[in-house]
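*Asks:* using only what follows, build the 3D model:
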Amino acid sequence: MVKQTPNSTWLDGGRLEQVKEFTYLGSLMSDDGKCINDIKKRVGLASAVNGQLYKIWKSKEITIKTKVMVYQVLVMPVLLYGAECWTIRKEDERN
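*Replies:* Take a look at the predicted model:
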């Protein structure tokens, strides 16, 4: 049974803790509904993947077409995971 009081929520006799942020299915959720921290996290993860592919990017034996395909397959999914749920504000677009 869920019981709510003005400052807390109780479930089966235990108090539920309210947090500012938590990770759910790989996405960073915040209590204010802003997505900027999740976007920053995704950009950082994609940058890390991009850095790990340094040898591929510098290789002269791999064609540009293949490099573009590698980028689309390995980097872009990391960046865009969960993007369909982001609420983008004008401030976020500028950043």
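*Asks:* next secondary structure element downstream of the longest helix along the chain?
*Replies:* Secondary structure of the chain per DSSP state H: the longest helix is helix 36-52. Reading on from helix 36-52 to the C-terminus, the next helix or strand found by DSSP states H and E is helix 54-58.
*Asks:* show residues contacting that next one.
*Replies:* Helix 54-58 has contacts (CB atoms under 8 Å, 6 or more residues apart in numbering) with 50, 62, 67, 70. To be clear about C-beta, it is placed using only N, CA and C from the backbone, and glycine gets the same treatment.
*Asks:* so what's the residue lying closest to residue 27 once chain neighbours are set aside up against?
*Replies:* In this structure, residue 27 finds its nearest non-sequential neighbour in residue 82, 4.0 Å apart by CB to CB, 6 or more residues apart in numbering. Residue 82 is in contact with 25, 26, 27, 38, 42, counting by CB under 8 Å, 6+ apart.
*Asks:* and the residue of the chain positioned farthest from its centre, what's its pLDDT?
*Replies:* Centroid-distance maximum for the chain: residue 13 at 33.8 Å, with CA atoms, centre = their mean. You'll see residue 13 listed with a pLDDT of 77.
*Asks:* picking up where we left off before, ok, the residue nearest to residue 27 to residue 40 distance?
*Replies:* 13 Å (CB to CB, to the nearest Å).
*Asks:* do residue 81 as well
*Replies:* 14 Å.
*Asks:* quick one: residue 22 is in a strand?
*Replies:* Yes. Per DSSP: H, G, I helix; E, B strand; the rest coil, residue 22 lies within a strand segment.
*Asks:* host element of the closest residue to it other than its chain neighbours?
*Replies:* The shortest distance from residue 22 to any non-neighbouring residue, by CB to CB, 6+ apart, is to residue 29 (5.6 Å). If you go by DSSP H and E, residue 29 is part of strand 27-30.
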